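> Fold the following and give me the result.
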Amino acid sequence: MKTQICFDMDGTIADLYGVENWLAYLLAEDTTPYDVARPLVKLNVLARRLNRLQARGYDLVIVSWLCRDGAEQYNAEVTTAKLNWLNRHLPSVKWNAIHIVEYGTPKQTFCKTPADVLFDDEEPNRIAWNKGDAYAPEKIFEIFKENLTRYIEHRPLMNVVDRKIGY
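Reported below is the predicted structural model:
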């Protein structure tokens, strides 16, 4: 089974919470924050690194929640907005799987191997990611340093990550 590198979207790679009045929009079931959220990381650099990892056999996965208490139609619109965001901001990344799921769905259900990695801004999701390693968004580039790829062919990602950041 391939190792997965999983990303949350809102608050991890997309700055949903930086959109002015984001909560009011969501409560009014308006997708504007999902449409206009700015990237939280340098996506061109992230895309290059992810594409290198994928070429070496890693699966790239999105695991993102829908809006809490969203109606079925609104959830469909949010899903479309999130897919559009990914296509607009990370067009070169060919995700192996995109899971946009009901709010509160345990993200650890998508963890398949002990080497799987999750990047998520929500600490409870990182703690619950019990089989693999989970990190806050600010660790993305610390972990995906340029020289990381030369180790990947011979060691599981988890071991490289542990060595790189001193865990």
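
> Which parts of this protein are strands?
In order along the chain, the chain carries the following strands (DSSP state E): 4-7, 59-65, 97-101, 117-119, 133-135.

> Tell me how many other residues crowd Q108.
By the criterion of other CB atoms under 10 Å, Q108 has 18 neighbours. C-beta here means a position set from N, CA and C on the backbone, and glycine is covered the same way.

> scratch that, T109 is what I was asking about
With other CB under 10 Å as criterion, T109 counts 11.

> Let me see the ranges of the helices in this protein.
Counting by DSSP state H, the segments of the chain that form helices are 22-27, 32-36, 43-55, 72-89, 123-128, 140-143, 149-152, 157-165.

> Would you mind listing the buried residues in the fifth one?
To tie it back to what came earlier, the one meant is helix 123-128. In terms of neighbour count (16 or more other CB atoms under 10 Å), helix 123-128 has its buried residues at 125-126, 128.

> List the contacts of it.
8, 106-108, 118, 120, 134-136 (CB atoms under 8 Å, 6 or more residues apart in numbering).

> Starting from E102, give me the distance back to the residue with the largest distance to the centre of the chain.
Distance from the centre of the chain peaks at A28, with 25.4 Å (CA atoms, centre = their mean). To E102, A28 is 20 Å away according to CB to CB, to the nearest Å.

> follow-up on the earlier one: among the helices of the chain, single out whichever gets nearest to K112.
helix 157-165 (12.9 Å; CB to CB).

> Can you add mean neighbour count and mean pLDDT and give the strands of the chain back as JSON lines?
Formatted as JSON lines, these follow (neighbours: other CB atoms under 10 Å; pLDDT from 0 to 100):
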{"stretch": "strand 4-7", "mean neighbour count": "24", "mean pLDDT": "93"}
{"stretch": "strand 59-65", "mean neighbour count": "22", "mean pLDDT": "97"}
{"stretch": "strand 97-101", "mean neighbour count": "16", "mean pLDDT": "98"}
{"stretch": "strand 117-119", "mean neighbour count": "24", "mean pLDDT": "91"}
{"stretch": "strand 133-135", "mean neighbour count": "22", "mean pLDDT": "83"}
